[in-house]
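> predicted coordinates and the sequence they were generated for:
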Amino acid sequence: MPSKPQPIFPSEQKILVNLGERIRLARLRRGLSAETVAERSSISRMTLHRAEKRLPAVALGTYFRIMVALQLQDDFNLLAKDDVLGRRLQDIALSKTRRHEGQSN
């Protein structure tokens, strides 16, 4: 049974639409047809169209294959590269632990 699609908030949708547009522009700048990129990505032309329109059903792995076909795979390493919030939370937890250890000595 297919899972129920998760709701996407407007701010999130805007980010996803921008991703699809950047992929489309990268394809066009390279002078590649949708058929060529779809074939190189081992996906259908319709799936590529969905990715470029950023429909929620497109899997992350599909985006990766498209980016490889466009020679943009290194950009994938930039996803969640610098987790500023996570590092701050980690630092707060560490400082609390150190204070607690200092009090027990």
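Received it, and whenever you're ready, just let me know what you need. These figures come from a predicted structure and were not determined experimentally.
> measure the residue positioned nearest the centre of the chain to M67 for me?
Nearest to the geometric centre of the chain sits L79, at 6.0 Å (C-alpha atoms, centre = their mean). Noted for L79: a distance of 11 Å to M67, by C-beta to C-beta, to the nearest Å. In short, each C-beta sits where N, CA and C put it, glycine included.
> got it, and I23?
7 Å.
> the two: which is more packed in?
I23 (21 against 18; other C-beta atoms under 10 Å).
> which residues touch that one?
Counting by C-beta atoms under 8 Å, 6 or more residues apart in numbering, I23 makes contact with 51-52, 63, 66-67, 70.
> secondary structure class for R22?
helix (DSSP: H, G, I helix; E, B strand; the rest coil).
> contacting residues for L19?
Neighbours of L19 in contact, by C-beta under 8 Å, 6+ apart: 54, 63.
> what about F9, distance to I15?
Taking C-beta to C-beta, one finds F9 at 10 Å from I15.
> so if I had to pick from these two, which one is more boxed in?
Neighbours per residue, other C-beta under 10 Å: of F9 and I15, the larger number sits with I15, 11 against 8.
> contacts for stretch 67-80 next, please.
Defining contact as C-beta under 8 Å, 6+ apart, one finds that stretch 67-80 is touched by 23, 26-27, 30, 32, 37, 40-41, 64.
> which of these has the largest number of neighbours?
Busiest of these [other C-beta under 10 Å] is V37, holding 23 neighbours.
> just to check, it is in contact with T62?
No: V37 is beyond contact range of T62, at 11.6 Å (criterion: C-beta atoms under 8 Å).
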